Every structure is written in structure tokens, then in C-alpha cells.
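Undergrad: Give me a 3D structure for the following:
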Amino acid sequence: MAEFAAPPGPQRVLLVDPGHQVPDYDRFLAEALARAGWRVTFAAGPLLADAAQAPVGVEALTAFAPWLEGTGPFARLLRSRPPPRRLARLLAYPLELAALRRLDVRRGPGAVFHQQWSLAPLIDAVAFAAARTRGRVAVYTAHNILPHERHAAQPLAWRRLYQGAGAIIVHSEVSRRRLAGLLGAAAPPATVVPMPADPPSPQPDRAAARRSLGIAPAVPLALFLGHVRPYKGLDLLLAAWPTVRARLPGARLMVRGAVAGGAGALEDWRREVDRAGGATAVDFVNGYLPRAERELALAAADLVVLPYRDIDMSAVLAAARGRGRAVVATAVGGLPEALAAGGGLLVPPLDVAALAAGVAGLLADAVWRRRLEAEALSAAAAWTWDDAAGATVAVYRQAQAQSASTAVGRR
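TA: Residues are numbered from 1 along each chain as shown. All right, here's what the predicted structure looks like:
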């Protein structure tokens, strides 16, 4: 674990995630920055599906959409209806940003404004400009360079956001190249800060987790975890599953994640499951997975499968690595970089036969899995959240120095 000397100058950061889209990343980074000597204020929206675990040593504010946490009929309606909820949040967002800006100004000069996700890139570009006018350095972490499901106007909006940031953090060289391709010569400085694995924590062992889930100890078990969206390639894994079962008749696939697209999409996925062998072959549960259930699924699984069509970086990979689980992943986006230190098997994207062969081969070979599990834990220990916080602080300092130099040049 890295040790950091307290950096000179102002050590206050306003860490912002308006939609609370990356709660684990927010929490682990905020805590690591606090350990590094920074005063951290974490401003976010409420978590709608799981109780938030407040960062330790950090001031946490529900600065966005606090009305969604209410118990009245309006709050309950919005929580259950994504389209009106998104509209209400968009309408309230500029006012919430203005209130947060006033609070930040009252607390004095020098804070870094570090945003983790954008609800509305054009509005956030204006917020970055406002941060600069009051002497703040605006840093943005681009977990995805562009949204996975996007329309033609979105690249323009995201270019405005990125051009307004004083510095950008990405998780892979692939993302940095994608950012440069989007912005060209107008690209602000971008720094690769790899996504660390989830930190160690007490977990059930595989046997205990399987007893809790009613899964026999000898069943070869693969896990697909996370929101079910087209880019994640669950359809490819389901198409591969009959081939896996032909080699390992008892193999099961656990699918845990909320289906995007409503009831019609869910029915389409259920038909895919039936074609893959039905409930005896695929244990498919639709819905957001609370933390305790996610940990149980990871503990029970023999391996985690990431059959993505494309991705910048995967938080599921970070969770799997932190729990010492072997991974089968498609060689897309930042996944090859992340797995260069070991812990997983890469297969070509969109290749159902290669995916089936990789999953079946790893499920059938316990010695191979144990080696990959050891590599995963070693990679997790080699790059921690304290290391990531140190790299993030370096970005802050570089952006502050650049901002000060620009200010002197304008005099």
C-alpha cells in the first residue's frame, strides 16, 4: 500500500457524481484521498436501488435530487418510472449545480472540482467554466468516452464537456486514444489512472456461498454480472452456452443484472435463455443486485464472463479481481490492458465458438483456474486505491500548476 506525504497548498476536493452512477468507485476513491490528507466533500444523487455505504472520513452530501429519497407518492412514482425521473432530474440539475457552487464558494478558495459522471454534458460544460471563474481546477473522470447507446448529436455535446475540463482521467490507453480521436488538437491533458480492484473485505468462501444459494459444490458455475445492455454481449454468451453444456453437461450460468428496455426486452431475454437450455442451464435473475447478493454470487462462481462487444473499462472486472475470481473476457477496449497482469483469458470479440471454448476449457480445468485466481489477487495487490489516489493527486497538482501558469500569462 502506497504512503503519501501531504501535498503542499490547498488540499480540498469537491468530488461530484450527480447520478451516483459509480458508487463503489466514488467511495473507494474518496476514502483513499482522505487517507492521503485531503479534505473530501462527496456530492451525489441518491442511490435508488441499494443503500449507500457512506465513505469513511468524508463529508457526504445528497446534493442532487434529494426529493427522490422521500416517502411520498411523487417520490415513489419517480423512483419507479425512469422517463419522468430523468426529465425531473434534468430540469432540477442546473439549480442543484448552482446551489452546490454557492456552498463551495462559502467554504473558501482552492478546492479541486472533480466530477465522476455527467448527467447532461452541455450543462456540465457550463459548470466547468463557472468553476474556472472562481479559481477552481475542473477535473473529469471519463469512465466511458462516449455513451454506449448514443445518438448523432452526442459526440458534439461530449466534446464541449471535455474541452471545458482542466484535466481528464481515463482508465486505459485505449480510452486516451479514443479521447484524442474525438477532440483532436483541442484535447486537454488526459492521464491514465487504471481502475483498481475492489479492496479486500471479509467474504464467504465458495462452499459457504454455494450452500447459501442452493448450488451443489461440484457444479461448474460461470457468472455474468451487471446491467444487461446490448453492448455487454449476453446474447453471445447465451448462444455459446449449449456448446459449453455439450462439453460439461452439468455447467450452469448465473446471470445477475437489471435488463434495460422494459418488459418487452425482458421477454426477449427469457426466450434467449430458453434457447440456451432453460432454467436448468441458466439461472437468470432480473434486477439490481444489492451488494451482499453480488458478493455472494462472486464467491460462489468458478469464473466471471465479460463477453462485451465494446467497453472502455469494466467495474465488474475490478470486482472479480478483488475477489480472486478468474475471468474470461473479449479482447475489446481496455480489457486487454487490465488483464495484461494476469487473472483472465482473452478471446476474440463476437466469436461465439471461441467464447464457448474458453469458458468450457477454464471451467473444466481447476488447476488453470487456481493459477488465474492467484494472478488476479496479485494484480489487485499491485495497484491499490491508495496508488490510484496518489496518481489522482498528481493530476490535481499538474492541473493547478497549469491553471496558475495560464493566469500569470493573462496578466
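Undergrad: List the contacts of the residue nearest to P147 when sequence neighbours are not counted.
TA: The shortest distance from P147 to any residue other than its chain neighbours is 6.2 Å, reached at Q154 (C-beta to C-beta, 6 or more residues apart in numbering). To be clear about C-beta, it is placed using only N, CA and C from the backbone, and glycine gets the same treatment. For Q154, the set of contacting residues under the criterion of C-beta atoms under 8 Å, 6 or more residues apart in numbering consists of 121, 146-147.
Undergrad: Next one: Q154 relative to L213, how far apart?
TA: Relative to L213, Q154 is positioned 40 Å away (criterion: C-beta to C-beta, to the nearest Å).
Undergrad: and A138, that's in a strand?
TA: Yes. Checked against DSSP: H, G, I helix; E, B strand; the rest coil, A138 lies within a strand.
Undergrad: how many neighbours does it have?
TA: By other C-beta atoms under 10 Å, the residues close to A138 number 24.
Undergrad: where exactly do the strands run in the protein?
TA: Assigned by DSSP state E, the strands in the chain fall at 12-17, 39-44, 59-62, 112-115, 137-141, 167-170, 190-192, 221-225, 252-257, 282-286, 303-306, 326-330, 344-347.
Undergrad: Who does the first one pair with, and is each partner parallel or antiparallel?
TA: Read it as strand 12-17. strand 39-44 (parallel), strand 112-115 (parallel) (DSSP bridges).
Undergrad: Could you give the separation of the last one from the chain centroid?
TA: What it means is strand 112-115. Relative to its chain's centre, strand 112-115 lies at 18 Å (C-alpha atoms, centre = their mean, to the nearest Å).
Undergrad: how about it: buried residues?
TA: With burial defined by 16 or more other C-beta atoms under 10 Å, the residues of strand 112-115 counted as buried are 112-115.
Undergrad: now do stretch 352-362
TA: 352, 354-360, 362.
Undergrad: Tell me which two of those residues sit farthest apart.
TA: For the buried residues of stretch 352-362, the farthest-apart pair by C-beta to C-beta is V352 and L362; their separation is 16.1 Å.
Undergrad: For the residue nearest to A300 when sequence neighbours are not counted, list the residues it contacts.
TA: Closest residue in space to A300, ignoring its immediate chain neighbours: A209 at 3.9 Å, by C-beta to C-beta, 6+ apart. Residues near A209 by C-beta under 8 Å, 6+ apart: 296-297, 299-300.
Undergrad: what's the answer for S212, then?
TA: Neighbouring residues of S212 by C-beta under 8 Å, 6+ apart: 204, 296, 300.
Undergrad: Now render the residues you listed as TSV, adding distance to L78 and pLDDT.
TA: Formatted as TSV, the entries for those read as follows, by distance: C-beta to C-beta, whole Å; pLDDT from 0 to 100:
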residue	distance to L78	pLDDT
P204	36	85
L296	30	93
A300	35	96
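Undergrad: from those, which is closest to A338?
TA: A338 has its nearest neighbour among the contacts of S212 in A300, at 23.1 Å by C-beta to C-beta.
Undergrad: What is the burial count for that closest one?
TA: For A300, the tally of surrounding residues (other C-beta under 10 Å) stands at 24.
Undergrad: Let me know whether it touches I215 as I believe.
TA: Yes. Because the distance of 5.9 Å satisfies C-beta atoms under 8 Å, A300 is recorded as touching I215.
Undergrad: Identify the contacts common to those two.
TA: Both A300 and I215 are in contact with L221, where contact means C-beta under 8 Å, 6+ apart.
Undergrad: residues near G184, how many?
TA: G184 has 8 neighbours, counted by other C-beta under 10 Å.
Undergrad: so how far is L335 from A301?
TA: With the distance defined as C-beta to C-beta, A301 ends up 18 Å from L335.
Undergrad: same question but for D387, I mixed them up
TA: The value you get for D387 to L335, if C-beta to C-beta is used, is 20 Å.
Undergrad: higher neighbour count, these two?
TA: A count of neighbours by other C-beta under 10 Å puts L335 above the other of D387 and L335, at 25 against 17.
Undergrad: how about the nearest residue to the more buried one, chain neighbours excluded?
TA: A329 (4.8 Å).
Undergrad: who are the neighbours in contact with R323?
TA: The contact partners of R323, taken as C-beta under 8 Å, 6+ apart, are 198, 203, 295, 298-299.
Undergrad: between those, which is closest to Y25?
TA: Where those are concerned, and distances follow C-beta to C-beta, Y25 has its nearest neighbour in D198, at 9.9 Å.
Undergrad: Surely the closest one is in contact with R325?
TA: No. The pair D198 and R325 does not pass the contact test of C-beta under 8 Å, sitting 10.9 Å apart.
Undergrad: Walk me through the domains of this structure.
TA: Using automatic domain parsing, the domains assigned to the chain come out as 12-196+384-409, 206-382.
Undergrad: For the stretch 1-150 of the chain, give me the ranges with low pLDDT.
TA: 1-10, 48-52 (pLDDT under 70).
Undergrad: The stretch 251-400 of the chain too?
TA: Looking along the stretch 251-400 of the chain with the criterion set at pLDDT under 70, you get no residues whatsoever.
Undergrad: one more time with 90, if that's ok
TA: Scanning the stretch 251-400 of the chain with the threshold set as pLDDT under 90 gives 258, 260-266, 287-293, 400.
Undergrad: where exactly do the helices run in it?
TA: 262-275, 291-300, 315-322, 335-338, 352-364, 366-382, 385-409 (DSSP state H, counting those that start in this stretch).
Undergrad: tell me which residues of the last one are tucked away?
TA: By 16+ other C-beta under 10 Å, the buried positions in helix 385-409 come out as 385-393, 395-396, 399-400, 403.
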